[in-house]
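K.L.:
Here's my sequence, what's the structure:
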Amino acid sequence: MNEDERQIVHIFLGVCAILLVDFFGVQAAAYIMGAILVAGIMLVHLKLSRISLGPLENPLERFERPGVTPGYGAMTLAAGMLAILTLISGKESILASLCILGFGDAGSTLIGIRSKKKLPYSREKTFGGSIAFFLFSLPAAYFAGLPALVVAGLAAFGESLESHIDDNLVIAVVCVVAFRLISLIH
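P.N.:
Alright, predicted model coming up:
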């Protein structure tokens, strides 16, 4: 397993989610993401039941981290994207959130694993990873302007906190709550 390859796939999936929304609309993208999540859960169940996935076996194992439930990261990414698609109102905020989740989280890992200086409140996270999260999230401003940068900063902070909850879910929750609060102000 190569962590760089995993993060490139993470970015690619973020781009795919953005394109789904752009070409098919939010509702259709939510249906498709829901179907992907259910199919993924079924594949994980088969894998945990020690049933061969045939030609899917090798590609799925290639992108899995050792010692984790097979498909766990992909499922939390799909769940986070589904939360964004269904709990945020406004296409611009949804697209910005998908960008933050798809690009920011991958950037934090790509740079964070190469950084040395740890954050004072986290044994695992680094300054470089948090800065990269924000910088990789900058394209979100194309969709939602300045509010997207505020949300990206909040998501970078949320991702940097030590938690037993997967980053994909933490980031999605931060995006949902922050954009909903922003929509109340406007």
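K.L.:
Spatially, which residue comes closest to residue 147, not counting chain neighbours?
P.N.:
residue 182 (4.9 Å; CB to CB, 6 or more residues apart in numbering). For the C-beta atoms, the positions are set from N, CA and C on the backbone; glycine is no exception.
K.L.:
how close does the one you found sit to residue 16?
P.N.:
The spacing between residue 182 and residue 16, counted by CB to CB, to the nearest Å, is 26 Å.
K.L.:
Correct me if wrong: residue 136 contacts residue 108.
P.N.:
Yes - proximity of residue 136 to residue 108 meets the contact threshold set by CB atoms under 8 Å, at 7.4 Å.
K.L.:
neighbour-wise, which of these two wins?
P.N.:
With neighbours defined as other CB atoms under 10 Å, residue 136 and residue 108 compare such that residue 108 has more, 30 against 26.
K.L.:
so that one, which of the three states?
P.N.:
At residue 108, secondary structure determined by DSSP: H, G, I helix; E, B strand; the rest coil is helix.
K.L.:
what's near enough to touch it?
P.N.:
125, 129, 130, 132, 133, 136, 156, 159, 160, 167 (CB atoms under 8 Å, 6 or more residues apart in numbering).
K.L.:
now with 6 Å?
P.N.:
129, 132, 133, 159 (CB atoms under 6 Å, 6 or more residues apart in numbering).
K.L.:
And the pLDDT for it?
P.N.:
Note on residue 108: pLDDT of 96.
K.L.:
for the nearest residue to it once chain neighbours are set aside, helix, strand, or coil?
P.N.:
Counting by CB to CB, 6+ apart, residue 108 lies nearest to residue 133, which is 3.8 Å off, once chain neighbours are set aside. For residue 133, the secondary structure call by three-state DSSP comes out as helix.
K.L.:
give me every residue that touches residue 133.
P.N.:
Contacts of residue 133 (CB under 6 Å, 6+ apart): 104, 107, 108, 156, 159.
K.L.:
now those in JSON lines, with distance to residue 29?
P.N.:
What follows is those, written out as JSON lines (distance: CB to CB, whole Å):
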{"residue": "104", "distance to residue 29": "19"}
{"residue": "107", "distance to residue 29": "23"}
{"residue": "108", "distance to residue 29": "24"}
{"residue": "156", "distance to residue 29": "25"}
{"residue": "159", "distance to residue 29": "23"}
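K.L.:
What is the nearest of these to residue 98?
P.N.:
Comparing the contacts of residue 133 against residue 98 with CB to CB places residue 104 closest, at 10.5 Å.
K.L.:
Could you pull up phi and psi at the residue lying closest to that closest one once chain neighbours are set aside?
P.N.:
With sequence-adjacent residues excluded and distances taken as CB to CB, 6+ apart, residue 104 is closest to residue 137, at 3.7 Å. The phi/psi pair for residue 137 (degrees, to the nearest 10) reads phi -80, psi -10.
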